[in-house]
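A.B. asks: for reference, the sequence and a predicted model appear below.
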Amino acid sequence: MDVVGFLSQIEPPLPPPWLDPAVFLSNLFWVFLRTFTTFVVVFILGLVSLRVVDWITPGVKELERVKGHPLATALFAAGFFVYLSFGYIASMASPIPVGLETGIVSGPNLSPLVLIGYKLVTLLFGVLLSYVFAIVYYRILAKVEPFGLDLDDVDKEPLAVGVYLFGYLVFLGAVVYVALMLPAA
């Protein structure tokens, strides 16, 4: 057998499909679209959540007490940045089915927009569940006073309200992070 003839019959393997620039750019587009959409939704949910917490905790007027106090405002702003960071990181890193040939694998009848919709519905339910936890935390634990503590005492000092809001926003950020990291399909 001729070695040169044998070697001429061997074809190099095709490069993997994910190295195709069209597949890469398609995947990148969907990730950025999902991230931008999620960021806007997370931002709006954060603002709504602050109003909900204000309503849930009538003894603590969060937003009224923070205004005009630099340190309390700084803690609130830092908490909101942490909250938004949780949402941004989870949106960028969350699992999404990525195919080899056409970018996102979504099955025969499922578009990438439906997958983004699934993520947003999961996010909404996660935030609603966090409201339930906040109600349980404030209405039951604070009123029972198991250790002689009353959460309404937080309202006496603007700095304490800032710390309270910071803690709530970190909690809400963790909820958002987990909701976004759940697989969509």
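C.D. replies: Now that the structure is in, tell me what you want to look at.
A.B. asks: what ranges do the helices span in the protein?
C.D. replies: With helices called from DSSP state H, the chain shows them at 3-9, 21-56, 62-66, 70-93, 112-135, 143-144, 158-181.
A.B. asks: buried deepest among those, which one?
C.D. replies: helix 158-181 (a mean of 21; mean count of other Cβ atoms under 10 Å). (Glycine included, C-beta is placed from N, CA and C.)
A.B. asks: please state the offset of it from the chain centre?
C.D. replies: 12 Å (Cα atoms, centre = their mean, to the nearest Å).
A.B. asks: compute the inter-axis angle for that helix and helix 21-56.
C.D. replies: 140 degrees (axes from the mean of the first three to the mean of the last three Cα atoms, to 10 degrees).
A.B. asks: mean confidence (pLDDT) on helix 158-181, please.
C.D. replies: Helix 158-181 carries an average pLDDT of 91.
A.B. asks: next, the angle from it to helix 112-135.
C.D. replies: Going by the same axes, to 10 degrees, helix 158-181 makes 140 degrees with helix 112-135.
A.B. asks: what packs against helix 158-181?
C.D. replies: helix 21-56, helix 62-66, helix 70-93, helix 112-135 (3 or more Cβ pairs under 8 Å, 6 or more residues apart in numbering; DSSP states H and E).
A.B. asks: turn those into JSON lines, including distance to G5 and mean pLDDT.
C.D. replies: Listed next are those as JSON lines, based on distance: least, Cβ to Cβ, whole Å; pLDDT from 0 to 100:
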{"stretch": "helix 21-56", "distance to G5": "36", "mean pLDDT": "86"}
{"stretch": "helix 62-66", "distance to G5": "81", "mean pLDDT": "81"}
{"stretch": "helix 70-93", "distance to G5": "51", "mean pLDDT": "91"}
{"stretch": "helix 112-135", "distance to G5": "48", "mean pLDDT": "84"}
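A.B. asks: turn those helices into CSV, columns for distance to Y177.
C.D. replies: Formatted as CSV, these follow (distance: least, Cβ to Cβ, whole Å):
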stretch, distance to Y177
helix 21-56, 10
helix 62-66, 22
helix 70-93, 4
helix 112-135, 9
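A.B. asks: between the ones you listed, which one is closest to L169.
C.D. replies: Closest approach to L169 among the helices and strands packed on helix 158-181 is made by helix 70-93 (3.5 Å; Cβ to Cβ).
A.B. asks: and the closest one, what does it pack onto?
C.D. replies: Short answer (3+ Cβ pairs under 8 Å, 6+ apart): helix 70-93 packs on helix 21-56, helix 62-66, helix 158-181.
A.B. asks: let's have the ones you listed in a markdown table, adding distance to Y131.
C.D. replies: Converted to a markdown table, the helices and strands packed on helix 70-93 look like this (distance: least, Cβ to Cβ, whole Å):
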| stretch | distance to Y131 |
| --- | --- |
| helix 21-56 | 6 |
| helix 62-66 | 14 |
| helix 158-181 | 9 |
